[in-house]
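Visitor: here's my sequence, what's the structure:
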Amino acid sequence: LQSAKYRLCSYKTVTEARMVLAACGIETAKIGLHPAVLCTIMRTPQWIMNIILNSAYKIDPKAKLSMLQDIEKGRKTEIDQLCGEIVRLAKTKGIAAPVNAKIIRIIRQAE
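Guide: Numbers count the residues shown, from 1 in each chain. The predicted model follows:
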């Protein structure tokens, strides 16, 4: 979340996933922040994001996402269960999910 370019990538991935899920009539689970709120936060300017992160979240600077840990340890990631499912659902509705498809390609290259 500290990097604007990675936040933009996350925003595009989540926004596309929400569009596909809506087309399939699937409501997103309400765990923590609602996805719409999360998407709004991800689009905020960096200086606002810094305030949010510094005041609301205490993240260990050594913390790593589970997918990165998998890649570093040579394990297969859960990318097919995440972005892969979005791409599969999109195909059932005849719509494209290019952002999620690209994320899959990038992660598979890293695996």
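Visitor: what about the helices in the chain?
Guide: For the chain, the helices defined by DSSP state H cover 4-23, 35-42, 46-56, 66-72, 79-92, 98-110.
Visitor: who touches the first one?
Guide: This means helix 4-23. Identification of contacts with helix 4-23 by CB atoms under 8 Å, 6 or more residues apart in numbering yields 1, 27-28, 35-36, 38-39, 42-43, 46, 49, 83, 86, 89-90, 93, 95, 97-100, 103. No exception for glycine: its C-beta is placed from N, CA and C like everyone else's.
Visitor: report the buried members of those.
Guide: 35, 39, 42, 49, 83, 86, 89-90, 97, 99-100, 103 (16 or more other CB atoms under 10 Å).
Visitor: out of the residues you listed, what pair is the most spread apart?
Guide: Spatially, the most separated pair among these is Met49 and Leu89, at 29.9 Å (CB to CB).
Visitor: where are the low-confidence patches of the protein?
Guide: By pLDDT under 70, the low-scoring segments of the chain are 1-2, 31-35, 38-39, 52-59.
Visitor: 80 instead?
Guide: 1-4, 6-7, 29-63 (pLDDT under 80).
Visitor: so how many other residues sit close to the closest residue to Asp70 other than its chain neighbours?
Guide: Nearest residue to Asp70, sequence neighbours excluded (CB to CB, 6 or more residues apart in numbering): Thr77, at 4.6 Å. For Thr77, the neighbour count with other CB atoms under 10 Å is 20.
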